[in-house]
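# Show me how the following folds:
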Amino acid sequence: FGAAGFQKQANGRLSPAARALLGPYLLAAWINSRLWTYRQPAPSLVVDGIHLGRLPAAGDLDGYAALVDLCAELPAAPGTLAYCSLPTLDLVAPDAATCRHAAEAIERLRHQGPLLVCCALGYSR
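Presented below is the predicted three-dimensional model:
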């Protein structure tokens, strides 16, 4: 069903139906993301003002003004940050339109202040 099957909404939440149907998978995916990244939880600076990292918990967003979320399978909690959700799947090459939308979102939101671009693990996508 691809990235759309997780039904991630523009606010970073998954639909109630997706949460109910995929609950055990979502819990396992979150635990997996934390196990893979526990030694490197901090985002990495890519270029001035743009960081790449794992999907943050609400308390991990201090110091950021904006968030570009590339994770389809886990919900995000952007709070009051400027936010853009572009759900993609790990290990699946995004199409040209998704890459263009991501570049446009990064360019637009980096002017808000420090920007975090994230996915489940912070390594790919």
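
# For the residue lying closest to Arg13 once chain neighbours are set aside, list the residues it contacts.
Nearest non-adjacent residue to Arg13, counting by Cβ to Cβ, 6 or more residues apart in numbering: Pro75, 5.2 Å away. Yep, even glycine has a C-beta here, placed from its N, CA and C like the rest. Contact partners of Pro75, counting by Cβ atoms under 8 Å, 6 or more residues apart in numbering, are Lys8, Gly12, Arg13, Leu14, Arg19, Leu26.

# and Pro75, which of the three is it?
Per DSSP: H, G, I helix; E, B strand; the rest coil, the local secondary structure of Pro75 is coil.

# quick one, helices of the protein?
16-37, 96-109 (DSSP state H).

# do you know which of those lies nearest Arg54?
Among the helices of the chain, helix 16-37 comes nearest to Arg54, with 4.8 Å by Cβ to Cβ.

# which residues touch Thr98?
Contacts of Thr98 (Cβ under 8 Å, 6+ apart): Leu86, Thr88.

# Max pairwise distance over the contacts of Pro75: which two?
It's Gly12 and Leu26 that sit farthest apart of these, by Cβ to Cβ, at 13.5 Å.

# neighbour-wise, which of those two wins?
Shown here are Gly12 and Leu26; by other Cβ atoms under 10 Å, Gly12 has more neighbours (21 against 17).
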